[in-house]
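Asks: predicted model and sequence follow; I will ask about them next.
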Amino acid sequence: MSEENITRISIDGKEYILIGTAHVSKHSAEQVKEVIDAENPDSVCIELDEQRYQSIMEGNKWKEMDIFKVIKEKKATLLLMNLAISSFQKRMAKQLGINAGQEMIQGIESAKEIDADLVLADRNIQTTFSRIWHGIGLKGKGMLLMSVIAGIFNKESITEEELEKMKSQDMLNSMLHEFTEHFPKLKTPLIDERDQYLSQKIKDAPGDKVVAVLGAAHVPGIKEEIKKEHDLERLSEVPPKSKIPKIIAWSIPVLFIAIIAYTFYSNPEAALQQTISWVLWNGALSAIGVAIAFGHPLAIITAFIAAPITSLDPITAAGWFAGFVQAYFVRPKVGDFESLSEDVFSVKGFWNNKVTRVLLVVVMANLGSSLGTFIGGADVVRLFIQNL
């Protein structure tokens, strides 16, 4: 049995065997089966939380998605980002003739075959996202989103040999160093904290011999962290939401309304110009956003009407209304949900599939409205100052 990418650790008479994998590598999946069959461990730990485990076990459940519910619960952007990130991994996996996450699926199957305890060792993905989003600041959020979007539509192919090189210690340390330079605050919740969480779950796994199937990036950290004790409850805490964004969200519309109201009192003609500017910038840019997403003509009109109003109401958004209209008049069919996992492989597929088209309409309407709020708001203030 090849010992490449395998790390063996013994602590207090208990043996831990860490398999460092690439999530879209055929060799990784084969190695997982080989190691578990040869070692016959008491427990198999996999780098999944309950949510991702259920997703893998249930397979493709897109047909059950309620697109109206997604819009109503403000999950359109999150779902679109998840689909986009998923498409990047699936595209690489398809190129190499393997299912994304096949090494985790193999770990689950091999654990069942030898009747070993299966331990879901990773932290809840939503907790990780919350801690990342809370800690990177406004600039970091913008940089992260641009980085993800750039990676999604990168058509550059990668070979199996390159994937295997990525699993070597030197390459990993180099990658993590570069990662930390670009997003220093991102490494803590994404890598370091999860190293601590994973190591504690692996250490607490039942039996005297434990095999852990892990992304290679976590192996160096876990080798060190498994020697320590970690508080899983503390690592699972979700940061409290800041009240500042909510205060700002309500303050801006109140300020704009007050400015326009005062201008109406002192100079009705200037106030009319302010109102027209606000409506045109908000409505036009939101409508353009929907048009870019190839939205239905009525969805474009809806965005134009809704944006100037919803920009003054932090509870609602132009994308909601445009998305509802799009979903109603261009209702996704069963075939759209069935082909979703394939369509997200390409930019063209994102725009052509009726499910992602609805999500794009929501996101683009909101982006246009946000830009319109900034430009229209600046013009409102300019006219106010001119007429003081």
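Replies: Alright, I've got the coordinates. Just so it is clear, the model here is predicted, and its values are computed rather than measured.
Asks: buried ones in the helix or strand hosting Asp37, by neighbour count?
Replies: Using DSSP states H and E, Asp37 sits in helix 26-39. By 16 or more other Cβ atoms under 10 Å, the buried positions in helix 26-39 come out as Lys26, His27, Ser28, Ala29, Gln31, Val32, Glu34, Val35, Ile36, Glu39. (C-beta placed from N, C-alpha, C; glycine too.)
Asks: biggest helix in this protein by residues?
Replies: helix 354-386 (DSSP state H).
Asks: picking up where we left off before, any idea which of the buried residues of helix 26-39 is the one closest to Ala271?
Replies: Ser28 (65.1 Å; Cβ to Cβ).
Asks: so how far is Ser110 from that closest one?
Replies: 13 Å (Cβ to Cβ, to the nearest Å).
Asks: could you do Ala29 as well?
Replies: The separation that Ala29 has from Ser110, given Cβ to Cβ, amounts to 10 Å.
Asks: kindly report the same for Gln386.
Replies: 73 Å.
Asks: and what of Glu15?
Replies: Glu15 is 17 Å from Ser110, by Cβ to Cβ.
Asks: neighbour count winner among those two?
Replies: Ser110 (21 against 16; other Cβ atoms under 10 Å).
Asks: SS state for the more buried one?
Replies: Following DSSP: H, G, I helix; E, B strand; the rest coil, we place Ser110 in the helix state.
Asks: adjust the sequence numbering to begin at 53 for everything that follows.
Replies: Okay, using 53 as the starting number, the last item reads as Ser162.
Asks: doesn't Lys85 make contact with it?
Replies: Yes: contact criterion Cβ atoms under 8 Å: Ser162 and Lys85 qualify, at 5.4 Å.
Asks: follow-up on the earlier one: closest one of the buried residues of helix 78-91 to Gly273?
Replies: Ser80 (18.6 Å).
Asks: the closest one contacts Ala74, doesn't it?
Replies: Yes: here Ser80 reaches Ala74: they are 5.4 Å apart, a contact under Cβ under 8 Å.
Asks: what residues sit buried inside stretch 312-332?
Replies: For stretch 312-332, by 16+ other Cβ under 10 Å, it's Ile312, Thr315, Asn319, Ala322, Ala323, Gln325, Gln326, Thr327, Ser329, Trp330, Val331, Leu332.
Asks: pLDDT score assigned to the residue nearest to the third one when sequence neighbours are not counted?
Replies: Here the nearest residue to Asn319 in space, its sequence neighbours aside, is Asn439; by Cβ to Cβ, 6 or more residues apart in numbering that works out to 4.7 Å. With respect to pLDDT, Asn439 has a value of 77.
Asks: what sits against Asn439?
Replies: Thr315, Ser318, Asn319, Ala322 (Cβ atoms under 8 Å, 6 or more residues apart in numbering).
Asks: in helices, which of those appear?
Replies: Going by DSSP H, the helices hold Thr315, Ser318, Ala322 from these.
Asks: what's the closest non-adjacent residue to the last one?
Replies: Just to be clear, that refers to Ala322. Closest to Ala322 by Cβ to Cβ, 6+ apart is Asn439, at 4.4 Å.
Asks: Val265 sits in which helix or strand?
Replies: Per DSSP H and E: strand 261-267 holds Val265.
Asks: next secondary structure element downstream of that strand?
Replies: Assigned by DSSP H and E, the successor of strand 261-267 is helix 271-277.
Asks: got the CA positions of that following helix in PDB?
Replies: Extracted in PDB, the C-alpha atoms of helix 271-277 (Å, rounded to 0.1, in the frame of the first residue of the first chain):
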ATOM      1  CA  VAL A 271      -3.400  17.800   7.200                       C
ATOM      2  CA  PRO A 272      -0.500  20.000   8.300                       C
ATOM      3  CA  GLY A 273      -2.600  21.900  10.700                       C
ATOM      4  CA  ILE A 274      -4.400  18.800  12.100                       C
ATOM      5  CA  LYS A 275      -1.000  17.100  12.700                       C
ATOM      6  CA  GLU A 276      -0.300  19.900  15.200                       C
ATOM      7  CA  GLU A 277      -3.800  20.600  16.600                       C
END
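Asks: so for it, what gets flagged as buried?
Replies: Val271, Pro272, Gly273, Ile274, Glu277.
Asks: swap in stretch 348-362?
Replies: His348, Ala351, Ile352, Ile353, Thr354, Ala355, Phe356, Ile357, Ala358, Ala359, Pro360, Thr362.
Asks: just how off-centre is the longest helix of the chain within its chain?
Replies: In terms of Cα atoms, centre = their mean, to the nearest Å, the centre of helix 406-438 is found 23 Å from the chain centre.
Asks: tell me which residues are up against stretch 63-74.
Replies: With Cβ under 8 Å, 6+ apart, stretch 63-74 has contacts from 57-62, 80-81, 83-84, 87, 91, 93, 155, 215-216, 218-219, 254-255, 260-268, 270-271, 274-275, 278-279.
Asks: quick check: end-to-end length of stretch 72-81?
Replies: Chord length of stretch 72-81, first to last residue, is 11 Å (Cα to Cα, to the nearest Å).
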